[in-house]
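Chemist: Sequence plus the predicted model coming up.
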Amino acid sequence: MSSHRFGFGSLSARRAREAELFYQELVGAGRPGRLVRGLEGEEPQPTGLDEETGIPGQIAAFLRSHASADIFDQAHGANLSHPLVMYGETHVGDGQKSYFFAELIRRASAVSGETRPRFHASERFDNTPSEQVALQNYLYGSGSRALTGKLANFREMLAAAAAVRRPRFAVLAANDPSAADDARHLGIFNAFMASRAEHNRLHADNRLDDRSHGHFLIGGAHGARLNVDGSPAMTTTQLFLAHYPRLMVVRLYVDMARLTRGNAFAAGEIDEVFEMSSSTPIHLLPIFRRHNNGQSFFATVRGRASVFSRLRTSTATSHPYDQVFDAILYLNQTERYTVVRGDTLWDIARRRLGEGRRWREIYRSNRRVVGSDPNRIFPGQVLVVPLPERRRWITLEGGPILIQSPSECGPVPRGRVR
């Protein structure tokens, strides 16, 4: 391997020389803006899942065997098979989940021959009289239909629920303002039950019982089947099991940041797992981002053969991951783009993302496809491209999801397709 002054140290001597000659060609043609800079000192990135070793490699292999891209079909099927599906998540943008649940509502309302009512509940609604009134007004069309505060973040989901013909759907508010998790476990459960009782009082023709199908967006610690904080307190999910014995718990990971150097996550996002006898964290999001070119997926994690049976969610617990959660749902913010003749990463970023300088986002997501030289892309290559913020939604397996990511800026690769 040879080191070169333009940052091509990761290439073979022949490829590095070709890259330098290409640079000289660009500069000689009066196009200095096409210089690839900023690659010096970058940390090596894995070029494929097979290069993973140890537990990360086993997680990657498990996903190849068990993960499904039909996320709405999987999530909706779970909803029909279980009276309640708990989606445990970390609170990194309520709106980022709104479109996902809107699609679940649309699919639930389209099922023929199913008479049981369905519902959506969220910890992220305050169970206050004013928000109860606002929900009723919005869903059933009486009084003001303005959505403010936390309710505004779920506008798309509420609009989908409002479009369902009565008496097929309900929305429950189930928040609790307690600060301590142990108090919130019981508070959220009580708020849910109170909200259900209030709904049944107001809508006798659409009563919710313990056999009703629904999904509940809830904090990851509250959604866990077992308390992973070292406390004897029962989690919200454990309290629900007495009412909903057929209950599925899904750990929801909404990817709010692209992989940069190391692990760059949105504030508040928790993705750490640990081997049973280790306190060294393993970050899941980088592994999830590399699976199937960064596409969203759903995967059940239970079973003796599951690598998640040998992992735990925190060092405060000895409970295996697969006893805490039944499945994983990873939501990313990407779409596919097929390279055509004349494309460059700069041009693709300019057309698809609105800014050419965001080319590095595309390159980092597609290093396995593009290779070590971002100047060399070829017709027919399929790239994963981040979703442009201005579009705000993506169609994946028939349904829209609102997921955005912060922009990353960087120097400009401008080599044309050969």
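Modeler: Sure, I can see it.
Chemist: Wasn't I362 part of a strand?
Modeler: No. Counting by DSSP: H, G, I helix; E, B strand; the rest coil, I362 falls outside a strand, being helix.
Chemist: Identify the residues contacting it.
Modeler: Residues in contact with I362, defined by C-beta atoms under 8 Å, 6 or more residues apart in numbering, are L345, I348, A349, L353, L383, V384, V385, P386. Just so you know, the C-beta spots here come from the backbone N, C-alpha and C atoms, and that holds for glycine as well.
Chemist: Take those residues and lay them out in a markdown table including secondary structure, neighbour count and distance to I362.
Modeler: Conversion of these to a markdown table gives the following (DSSP: H, G, I helix; E, B strand; the rest coil; neighbours: other C-beta atoms under 10 Å; distance: C-beta to C-beta, whole Å):
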| residue | secondary structure | neighbour count | distance to I362 |
| --- | --- | --- | --- |
| L345 | helix | 27 | 5 |
| I348 | helix | 20 | 6 |
| A349 | helix | 25 | 6 |
| L353 | helix | 20 | 8 |
| L383 | strand | 22 | 6 |
| V384 | strand | 20 | 8 |
| V385 | strand | 23 | 6 |
| P386 | strand | 25 | 7 |
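Chemist: so which of the residues you listed comes closest to H76?
Modeler: Ranked by distance to H76 (C-beta to C-beta), the contacts of I362 are led by V384 at 24.6 Å.
Chemist: Out of the contacts of I362, flag the one nearest to R184.
Modeler: Distance to R184 across the contacts of I362 (C-beta to C-beta) is lowest for P386, with 34.2 Å.
Chemist: I'd like the contacts of I362 as TSV, with pLDDT appended.
Modeler: Below are the contacts of I362 laid out as TSV (pLDDT from 0 to 100):
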residue	pLDDT
L345	93
I348	89
A349	87
L353	73
L383	83
V384	73
V385	76
P386	67
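Chemist: can you put these in a markdown table and add distance to F308?
Modeler: Converted to a markdown table, the contacts of I362 look like this (distance: C-beta to C-beta, whole Å):
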| residue | distance to F308 |
| --- | --- |
| L345 | 36 |
| I348 | 36 |
| A349 | 36 |
| L353 | 34 |
| L383 | 30 |
| V384 | 25 |
| V385 | 30 |
| P386 | 28 |
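Chemist: neighbours around the nearest residue to G230 once chain neighbours are set aside, how many?
Modeler: Excluding the flanking residues, the one nearest G230 by C-beta to C-beta, 6 or more residues apart in numbering is A316, at 4.0 Å. By other C-beta atoms under 10 Å, 12 other residues sit near A316.
Chemist: how far away is A316 from S178?
Modeler: According to C-beta to C-beta, to the nearest Å, A316 and S178 sit 20 Å apart.
Chemist: Per-residue pLDDT of the residue nearest to G230, please?
Modeler: On pLDDT, A316 comes in at 90.
Chemist: can you map out the helices along the stretch 1-150 of the chain?
Modeler: With helices called from DSSP state H, counting those that start in this stretch, the stretch 1-150 of the chain shows them at 13-28, 54-66, 71-81, 95-110, 129-140, 149-153.
Chemist: elements contacting the host helix or strand of A197?
Modeler: Assigned by DSSP states H and E, A197 belongs to helix 181-202. When contacts are defined as 3 or more C-beta pairs under 8 Å, 6 or more residues apart in numbering; DSSP states H and E, helix 181-202 packs onto strand 118-122, helix 129-140, strand 169-173, strand 213-219, helix 220-223, helix 236-240.
Chemist: Between the contacts of I362, which sits nearest A183?
Modeler: A183 lies nearest to P386 out of the contacts of I362, by C-beta to C-beta, at 39.2 Å.
Chemist: which parts of stretch 338-349 are buried?
Modeler: Going by neighbour count (16 or more other C-beta atoms under 10 Å), the buried part of stretch 338-349 is V339, D343, T344, L345, W346, I348, A349.
Chemist: most tightly surrounded among the helices of the stretch 1-150 of the chain?
Modeler: Stretch with highest mean neighbour count among the helices of the stretch 1-150 of the chain: helix 95-110 (a mean of 22; mean count of other C-beta atoms under 10 Å).
Chemist: packing partners for that one?
Modeler: So helix 95-110, by 3+ C-beta pairs under 8 Å, 6+ apart, packs with helix 71-81, strand 118-122, helix 155-163, strand 169-173, strand 213-219, strand 247-254, strand 327-331, strand 399-401.
Chemist: now that helix and strand 327-331, what's the angle there?
Modeler: For helix 95-110 against strand 327-331, the angle by axes from the mean of the first three to the mean of the last three C-alpha atoms, to 10 degrees is 120 degrees.
Chemist: Which of the helices of the stretch 1-150 of the chain sits closest to A121?
Modeler: Closest approach to A121 among those is made by helix 95-110 (10.2 Å; C-beta to C-beta).
Chemist: Only C-alpha atoms, please: export the closest one in PDB.
Modeler: Provided in PDB are the C-alpha atoms of helix 95-110 (Å, rounded to 0.1, in the frame of the first residue of the first chain):
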ATOM      1  CA  GLY A  95     -43.300  13.500  14.000                       C
ATOM      2  CA  GLN A  96     -40.800  11.000  12.800                       C
ATOM      3  CA  LYS A  97     -43.200   8.200  14.000                       C
ATOM      4  CA  SER A  98     -46.400   9.900  12.900                       C
ATOM      5  CA  TYR A  99     -46.400   8.700   9.300                       C
ATOM      6  CA  PHE A 100     -45.500   5.200  10.300                       C
ATOM      7  CA  PHE A 101     -48.500   4.900  12.600                       C
ATOM      8  CA  ALA A 102     -50.700   6.700  10.000                       C
ATOM      9  CA  GLU A 103     -50.000   3.900   7.600                       C
ATOM     10  CA  LEU A 104     -50.800   1.200  10.200                       C
ATOM     11  CA  ILE A 105     -54.100   3.000  10.800                       C
ATOM     12  CA  ARG A 106     -54.900   3.000   7.000                       C
ATOM     13  CA  ARG A 107     -54.200  -0.700   6.800                       C
ATOM     14  CA  ALA A 108     -56.100  -1.600   9.900                       C
ATOM     15  CA  SER A 109     -59.200   0.300   8.500                       C
ATOM     16  CA  ALA A 110     -59.000  -1.500   5.200                       C
END
